[in-house]
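Engineer: Please work out how this folds:
(2 chains)
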Amino acid sequence: MTRNPQLNKHGELIHLLSIEGLPRAVLHSILDTAGTFLSVNDREVKKVPLLRGKSVFNLFFENSTRTRTTFEIAAKRLSADVINLDIAKSSAAKGESLLDTIANLSAMHADMFVVRHSESGAPYLIAQHCAPHVHVVNAGDGRHAHPTQGLLDMYTIRHYKQDFTQLTVAIVGDIVHSRVARSDINALTTLGVPEIRAVGPKTLVPGDLKEMGVRVCHDMVEGIKGADVIIMLRLQNERMSGAMLPSAGEFFKNYGLTQEKLAHAKPDAIVMHPGPINRGVEIDSSVADGKQSVILPQVTFGIAVRMAVMSTIAGNNA
Amino acid sequence: MKLLIKNGRVVDPASGRDESGDVAIAAGRIVSLGKVNPDFRPTRTIDASGLIVAPGLVDLAARLREPGHEHEGMLESEMAAAVAGGVTSLVCPPDTDPALDEPGLVEMLKFRARNLNQSHLYPLGALTRGLAGEVLTEMAELTEAGCVGFSQADVALADTMVMQRALQYASTFGYTVWLRPQDAYLGKGVAASGALATRLGLSGVPVIAETIALHTIFELMRVTGARVHLCRLSSAAGIALVRVAKAEGLPVTCDVSVNQLHLTDMDIGYFNAAMRLTPPLRQQRDRDAIRAALADGTVDALVSDHTPVDEDMKNLPFAEAEPGATGLELLLSLALKWGEEQGIGLGKTLAAVTSEPVRALGDALGSLSSSAGRLVEGGVADICLFDEKARWTVEPAALKSQGKHSPFAGYELPGRVKYTLVAGHVAYEAA
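Structural biologist: So this is what the prediction gives:
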């Protein structure tokens, strides 16, 4: 297991498990490919035949509507057959082990698994144990990674800002528990962003995060000052009260993005959010719906990026 | 049965003996060491040319998974693994199912082990009933049944009041309490806090989970006078605290496992569940401190922390995988590897797995205390004969243990056990 398990011996992407460790060229290539798919989404017949005859299984061990839907749309636009399995409610509840589930689905001639799981690393286990022709896409594993979200965020940033190498990017909120933040940080560092700031209270943004190449800020204004891009993270319900944070209201007061705070960023700064947003918790409605918000374009780009990821890995053999 | 071991290099760490010589054994005991009277008429002679003749290894942490986890390791297979690894005395933690909290369970385990006629088995009794951390066990009864100390295994004792009372009660009768220093709340993660856990999104166990627990234990030792053996230290900061406590004169001993001696959290790589261990693997400077502390005597013993885990329980996402690794058959080789790399002599290396663990056991071994873990005339003939130069590659499938998971799979290690003698009979002979 010394080789990066998502690359074949030629260094080509066969699974997408994490952005960490992927070469910059691979990231740009996926973003370029996504650009060509954007136009497909504008056509009257929104389909290309790249995955015709292939079966894509959406394996969601953890609930998600948005991500699963965008993967489903992306696969269908590539002409694949899509099977959605809500495993959180079926096999796992019956006590079937993860690898037994995978073995059974492999016997149904799956070509690609899109996996979401509550445990970090679960897609690696699946990638190690599925047949060599099967590709695995990580659709979010525990706190570890959400690489397609990371890539669509990069697509969005490249779309609005072109050059990564002059940017200041602030990521705000619950970073320690966020797979989106980890994938964004890995992608931003790989693409050469010189200043990445992680902003939030010490319970959600511990000093350890420095190890990932970010500047840790506990003050919101200091964190977003002069930023070109602000990525607000969703605050999960279970963090809103208890030992992580006293209340959603207090979080909003300190770290919620309002027009007033946004004024400290660059005038042309864009505001991003992986969704679904909590209005009045991490972001004020006037910002979410404001002219600097690119939250809805992110969703549109997300389909093109997921098409690019699936068609790229399907074209490379183990 | 009279046995003669000829022409070996006899190494006894306790006495410092390291010389070529013979060992004569009769009625389960060593009758002479070095020069054997020519009148001695053995029924069997073992040619030990090129081999080290050392005391049988004493492992202070080996889970045999009985009672309760028979599917993961039957007593038979794990006892066979022990002698294949040259381990002739085993201390077993009480985290069986049910926990070893009643004399009947301990007697049954000792009885089953005795019938197998292999390594000596020394159970630790549960410190609290069911390891639940609420009610003390019948320590005197358990001691009579054969327990050599009392432990919470890997179950943290959250209630400090209960811990104080357990230490008070145990010290009343002179029993040693074995504790793994871990804060019940801070110790809940699955990997050591640090860059790797942060990157992989694994919940972290900070070093303070160990040091806070150590401070608590030492304070309680000061007021109760209890003797404590600390299990599986994992951090440089923890080692430093133990060093201070020992200098102060507290009656404390401690051990580390082969895993912490050789590995770091970087070995987790891409979520390798074989590296899912308790305590979690820490960083390079922690490993360096552990290696140095075992060499300078701050750490008393090296243990295998043998924990056979079922295949199904490892083929899970990292955090869900059951912690533990097989270790009995690797203990000697991993001790030798450490000794080689640290540049310390063979005698001192072997002391960490023979005489020193017996010293940590104190007088709990009763009549065996004077001869376990050492080679002495008149002492019990627990002997390990091994080829120090032979190197072998760890292939988990080839191990005798039912636990086929080792973080050291594929490692080439020094030292191969050729014969293991328990109380004078040949319990293991390499094919």
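Engineer: Quick one: name the residues of chain A near chain B.
Structural biologist: Taking Cβ under 8 Å from any Cβ of the partner chain as the contact definition, chain A meets chain B at A:1-2, A:4-5, A:20, A:97-99, A:117, A:119-122, A:124-125, A:129, A:141-145, A:179, A:182, A:208-209, A:211-212. Backbone N, C-alpha and C define where each C-beta goes, glycine included.
Engineer: Just the buried residues of the residues you listed.
Structural biologist: Buried by 16 or more other Cβ atoms under 10 Å in any protein chain shown: A:4-5, A:20, A:98-99, A:117, A:119-122, A:124-125, A:141-145, A:179, A:182, A:208-209, A:212, out of these.
Engineer: Residues of chain B that sit close to chain A?
Structural biologist: Contact residues (Cβ under 8 Å from any Cβ) of chain B with chain A: B:193-195, B:198-204, B:269-273, B:312, B:315-320.
Engineer: Can you list which of the residues of chain A next to chain B are found in helices?
Structural biologist: By the criterion of DSSP state H, membership of the residues of chain A next to chain B in helices covers A:98-99, A:122, A:124-125, A:129, A:179, A:182.
Engineer: From start to finish, how long is stretch A:273-293 in a straight line?
Structural biologist: 9 Å (Cα to Cα, to the nearest Å).
Engineer: er, stretch B:192-203 I mean
Structural biologist: End-to-end distance of stretch B:192-203 (Cα to Cα): 8 Å.
Engineer: Before we move on, what's the pLDDT of the residue in the stretch 101-250 of chain B that chain A sits nearest to?
Structural biologist: Closest contact between the stretch 101-250 of chain B and chain A, by Cβ to the nearest Cβ, is at residue B:201 (3.3 Å). Note on residue B:201: pLDDT of 96.
Engineer: Check the spacing between residue A:267 and residue B:34 real quick.
Structural biologist: 89 Å (Cβ to Cβ, to the nearest Å).
Engineer: where does residue B:97 land in three-state SS?
Structural biologist: At residue B:97, secondary structure determined by DSSP: H, G, I helix; E, B strand; the rest coil is coil.
Engineer: Report the contact partners of the closest residue to residue A:201 other than its chain neighbours.
Structural biologist: Excluding the flanking residues, the one nearest residue A:201 by Cβ to Cβ, 6 or more residues apart in numbering or on different chains is residue A:218, at 6.3 Å. Counting by Cβ atoms under 8 Å, 6 or more residues apart in numbering or on different chains, residue A:218 makes contact with A:199-202, A:205.
Engineer: and the gap between residue A:218 and chain B?
Structural biologist: 17 Å (Cβ to the nearest Cβ, to the nearest Å).
Engineer: Can you tell me which helix or strand of chain A has the lowest average pLDDT?
Structural biologist: Lowest on mean pLDDT, DSSP states H and E among the helices and strands of chain A sits helix A:91-94, with a mean of 62.
Engineer: and the gap between the residue of the stretch 201-318 of chain A found nearest chain B and residue A:159?
Structural biologist: At 3.8 Å from chain B, residue A:211 is the closest residue in the stretch 201-318 of chain A, using Cβ to the nearest Cβ. Plainly put, residue A:211 is 30 Å away from residue A:159 if you go by Cβ to Cβ.
Engineer: Residue B:249 now?
Structural biologist: According to Cβ to Cβ, residue B:249 and residue A:159 sit 69 Å apart.
Engineer: These two: who's more crowded?
Structural biologist: residue A:159 (17 against 7; other Cβ atoms under 10 Å in any protein chain shown).
Engineer: pretty sure the more buried one is touching residue A:300, no?
Structural biologist: No - between residue A:159 and residue A:300 there is no contact under Cβ atoms under 8 Å: 10.3 Å.
Engineer: circling back to that earlier point, any chance of the ones in helices among the residues of chain A next to chain B in a markdown table, plus pLDDT?
Structural biologist: Listed next are those as a markdown table, based on pLDDT from 0 to 100:
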| residue | pLDDT |
| --- | --- |
| A:98 | 87 |
| A:99 | 89 |
| A:122 | 96 |
| A:124 | 96 |
| A:125 | 95 |
| A:129 | 91 |
| A:179 | 97 |
| A:182 | 97 |
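Engineer: from those residues, which two are the most distant?
Structural biologist: A:99 and A:182 (25.0 Å; Cβ to Cβ).
Engineer: Residue B:205 is in contact with residue B:279, correct?
Structural biologist: Yes - using Cβ under 8 Å, residue B:279 is in contact with residue B:205, at 7.0 Å.
Engineer: just the strands in the stretch 101-250 of chain A please.
Structural biologist: Under the criterion DSSP state E, counting those that start in this stretch, the stretch 101-250 of chain A carries strands at the ranges A:112-117, A:135-141, A:168-172, A:195-199, A:215-217, A:229-232.
Engineer: And the ones you listed: which comes nearest residue A:32?
Structural biologist: strand A:135-141 (18.6 Å).
Engineer: next one: that closest one to chain centre, how far?
Structural biologist: Distance, stretch centre to chain centre, for strand A:135-141: 10 Å (Cα atoms, centre = their mean, to the nearest Å).
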